[in-house]
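1. sequence? don't have it. structure:
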């Protein structure tokens, strides 16, 4: 078998999109995994997305047999990437060819960093580690149906309006972010299409924040945090309830989010809000 490897920068053309989508659907049917999420399928045709695909073809059959997707999620030239190989072509070295393609793409772009992602438990972990990566952390993907529920009436939830100092305090407490990291996050969440930065206000004080991210029929939740002086007062739960209602208003049927497995406090908040785990993603850093 002759393998032909090529790269396609986002946004990809319609023919390539359908070709890759069919490969993922075939793999999902056999593996019972939702590869579209970890492969960032919703960004492939987004002109504002910063990413690329590595595509492996069986040159003799002119058939797509494997794909790797890499995306700079935060706009900092740091990429997340993952691979999927067609079921009939596994254990034939296709994955290694895709890693070579991804590595070449990073060199061309002068990537500042990278994380490899896998859904496939021990098998995926073994493959990634053989490519020179080591385990970093795991995230659970949670989902809930969009619905209108009661919201804390003491809160006013509105668009962010240059309350930078309040968010510095909130993100430092929640994520150990430095002020410059908060500035980067605010800039990203207020400039990229589909992302909206919200703040929760109580008696004139910013007590929490969250960012909604629209991807097709899904409203994603990210950067949810509560001011350290107002925690354990139901503010996080109220923000989630508001977002579920907001998704209904905007025509989305599902709300989803990612949370680190070890963040038991956040997991507890999400579970109380009705979210349930649908998959786990393991992250690996280059040694």
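-> Ah, there it is. Quick caveat: nothing in here was measured; it's all calculated off a predicted structure.
2. what's the burial count for residue 237?
-> By other CB atoms under 10 Å, the residues close to residue 237 number 18. The C-beta positions use only the backbone N, C-alpha and C, and glycine is treated the same way.
3. Which residue, neighbours along the chain excluded, lies closest to it?
-> Spatial nearest neighbour of residue 237, chain neighbours left out: residue 273 (5.6 Å); criterion: CB to CB, 6 or more residues apart in numbering.
4. what do you get for residue 226?
-> Going by CB to CB, 6+ apart, residue 226 has residue 208 as its nearest residue, at 4.4 Å.
5. and the one you found, what pLDDT?
-> On the pLDDT scale, residue 208 is placed at 96.
6. Can you tell me what sits against the longest helix seen in the chain?
-> Ranked by number of residues, the top helix in the chain under DSSP state H is helix 14-31. Residues from elsewhere that reach helix 14-31 (CB atoms under 8 Å, 6 or more residues apart in numbering): 8, 12, 33-36, 39, 41, 44-45, 53, 55, 64-67, 84-87, 120.
7. Buried subset of those as a PyMOL selection?
-> In PyMOL, a selection of the buried entries from the contacts of helix 14-31 looks like this (16 or more other CB atoms under 10 Å):
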select buried, resi 8+12+33+35+36+39+41+44+53+55+64+65+66+67+84+85+86+120
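8. before we move on, the earlier item: you'd agree the residue nearest to residue 226 is in a helix?
-> No: looking at residue 208 with DSSP: H, G, I helix; E, B strand; the rest coil, it is strand, so not inside a helix.
9. Which of the helices or strands spans residue 238?
-> helix 235-250 (DSSP states H and E).
10. helices or strands up against that helix?
-> strand 195-202, strand 205-215, strand 218-226, strand 254-260, helix 264-272 (3 or more CB pairs under 8 Å, 6 or more residues apart in numbering; DSSP states H and E).
11. Tell me what angle it forms with strand 195-202.
-> Calculated by axes from the mean of the first three to the mean of the last three CA atoms, to 10 degrees, helix 235-250 forms an angle of 130 degrees with strand 195-202.
12. And for helix 235-250, what's in contact with it?
-> Helix 235-250 is contacted from outside by 144-152, 155, 157, 198, 200, 202, 207-208, 210, 212, 214, 219, 221, 224, 226-227, 253-255, 269-270, 272-273, 275, using CB under 8 Å, 6+ apart.
13. Now do the phi/psi pair for the residue in the chain sticking out farthest from the centre.
-> Within the chain, residue 60 marks the point farthest from the mean C-alpha position, 35.2 Å out by CA atoms, centre = their mean. Main-chain dihedrals, residue 60, degrees, to the nearest 10: phi -70, psi -40.
14. What score does it have for pLDDT?
-> So residue 60 comes in at 87 (pLDDT).
15. Identify the residue spatially nearest to it, adjacent ones excluded.
-> Counting by CB to CB, 6+ apart, the residue nearest residue 60 is residue 2, at 5.7 Å.
16. Lovely, talk soon.
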